[in-house]
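**Student:** everything below, folded, please.
(chains A and B)
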Amino acid sequence: MKKTFHIIILGLFIAQSLVLYVVEGMLPVPFIAPGAKLGLANLITVIALYALPRKRDVCLILLVRIILATAFGGGINAFLYSVAGAAFSLGAMMVLQKTGKFSIIGVSTAGGIFHNLGQVIVASLVVENIKIMLYLPILAVAGTGTGILIGITAIFTLRHLKRLPIYRRMQEENQAIN
Amino acid sequence: MKHIIKKGDIVLIITLLVLSFIPEGIFYLTGNDASVSRTYAVIQVDGKVYKEVPLSGHHGTDVIPIQTEEGYNLVVIQDESVGITEADCPDKICISEGFVSKPGATVVCLPHKVLVEVKSAGDDEPDVIPAH
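**Tutor:** The predicted structure follows:
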């Protein structure tokens, strides 16, 4: 029973982030620079990072979402970019969250910037041209913008999520599993 | 807004944005040779190429004396610019032109038929932008 609850919660997070990913693909995003996008799916990652006590679950949500997103559209290149971006982004966010010195906005903005850093590194490896790194400042500014928006959205979502009885149960169940 | 954003956030964001310019800085310091167009000076005497000297990445001062039957000129390569500092021609216009470094710029000593021209290689950008 407890395990079922756990699986359902993870499934909900994955489904939500996948839906956001697909919807984002449909949105006409103003062209700032190739590679710069809203990163709506990152919203779920940030919320999961703060709502779920176990960080392993957050990694799982992100990984499953990327694999499913690759299946829903996007080739092996998109997969590589996504994995690199996600690994950098999640790693940075986890470290910064653990320090406790930064709010959700700071954490999610750093996540956005590190996501772009990971993608730029993979891009320069794929194209075998280190000059793609020169692109980093533009992407970092774009990542800052979306990161701040995602952070504000996550704050308000978490504020409401914490009022739900299911949130308390999530904490208790997770502690019981641990 | 004040209670949801911390001071650390602003410091963090600004730090990361500044750090994102590191590759830019590294390329500026090291990748100069490849990324920016290479310039070189062509010294012509009486319409014939006398010598070609690379200017990009040049440091210090090199002197190239040119002694022809017309007269004497001293071409000086200083860092990435070129100029004529000594000449025994009557008008000394070439000396007054000073040092040039941009592609397309010239230093001419008409009485001695000496022409120093800066040219660029390895770049598609035009040396001159047509004004029309």
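**Student:** now the closest residue to chain B within chain A. Nearest residue, chain neighbours left out?
**Tutor:** Taking C-beta to the nearest C-beta as the measure, the point where chain A comes nearest chain B is residue A:106, at 3.2 Å. Where C-beta positions appear, they are placed from N, C-alpha and C, glycine not excepted. Distance criterion C-beta to C-beta, 6 or more residues apart in numbering or on different chains; nearest residue to residue A:106, sequence neighbours excluded, is residue B:9 at 3.2 Å.
**Student:** now swap in residue B:13 and tell me
**Tutor:** Across the structure, with C-beta to C-beta, 6+ apart as the measure, the residue nearest residue B:13 apart from its sequence neighbours is residue A:109 (5.2 Å).
**Student:** the one you found in helix, strand or coil?
**Tutor:** helix (DSSP: H, G, I helix; E, B strand; the rest coil).
**Student:** contact residues of chain B facing chain A?
**Tutor:** Residues of chain B that fall close to chain A, judged by C-beta under 8 Å from any C-beta of the partner chain: B:4-6, B:8-10, B:12-13, B:16-17, B:20-21, B:23-24, B:27, B:31, B:35.
**Student:** what helix or strand is residue B:104 on?
**Tutor:** With secondary structure defined by DSSP states H and E, residue B:104 is part of neither a helix nor a strand.
**Student:** tally of neighbours for it?
**Tutor:** Residue B:104 has 13 neighbours, counted by other C-beta atoms under 10 Å in any protein chain shown.
**Student:** that one contacts residue B:118, correct?
**Tutor:** Yes - contact status for residue B:104 versus residue B:118: in contact at 6.7 Å, counting by C-beta atoms under 8 Å.
**Student:** show me where pLDDT drops low in the chain?
**Tutor:** You didn't say which chain, so I picked chain A. Under the criterion pLDDT under 70, the flagged ranges of chain A are A:1, A:29-36, A:74, A:173-178.
**Student:** I was thinking of chain B, sorry if that wasn't clear
**Tutor:** Judged against pLDDT under 70, the low-scoring parts of chain B cover residues B:1-3, B:31-37, B:122-132.
**Student:** ok, back up a step: was I right to think the residue of chain A closest to chain B contacts residue A:97?
**Tutor:** No - in this structure residue A:106 lies outside contact range of residue A:97 using C-beta under 8 Å: 9.5 Å.
**Student:** ok, these two, which is more surrounded?
**Tutor:** Between residue A:106 and residue A:97, counted using other C-beta under 10 Å, residue A:106 has the larger neighbour count: 27 against 20.
**Student:** and that one, that's in a helix?
**Tutor:** Yes - applying three-state DSSP, one finds residue A:106 inside a helix.
**Student:** which residues does it contact?
**Tutor:** Shown in contact with residue A:106 (C-beta atoms under 8 Å, 6 or more residues apart in numbering or on different chains): A:96, A:151, B:5, B:6, B:8, B:9, B:10, B:12, B:13.
**Student:** ranges for the helices of chain B?
**Tutor:** Listed in chain order, the helices of chain B (DSSP state H) span residues B:7-19, B:22-30, B:32-35, B:93-96.
**Student:** just send those back as CSV, with mean neighbour count too.
**Tutor:** Supplementary listing: the helices of chain B in CSV, determined by neighbours: other C-beta atoms under 10 Å in any protein chain shown:
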stretch, mean neighbour count
helix B:7-19, 16
helix B:22-30, 13
helix B:32-35, 12
helix B:93-96, 17
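**Student:** quick one: contacts for residue 60?
**Tutor:** I'll assume chain A. In this structure, residue A:60 makes contact with residue A:10, judged by C-beta under 8 Å, 6+ apart.
**Student:** hm, I was asking about chain B
**Tutor:** Residue B:60 sits next to B:78, B:79 when contact means C-beta under 8 Å, 6+ apart.
**Student:** thank you kindly, that will do.
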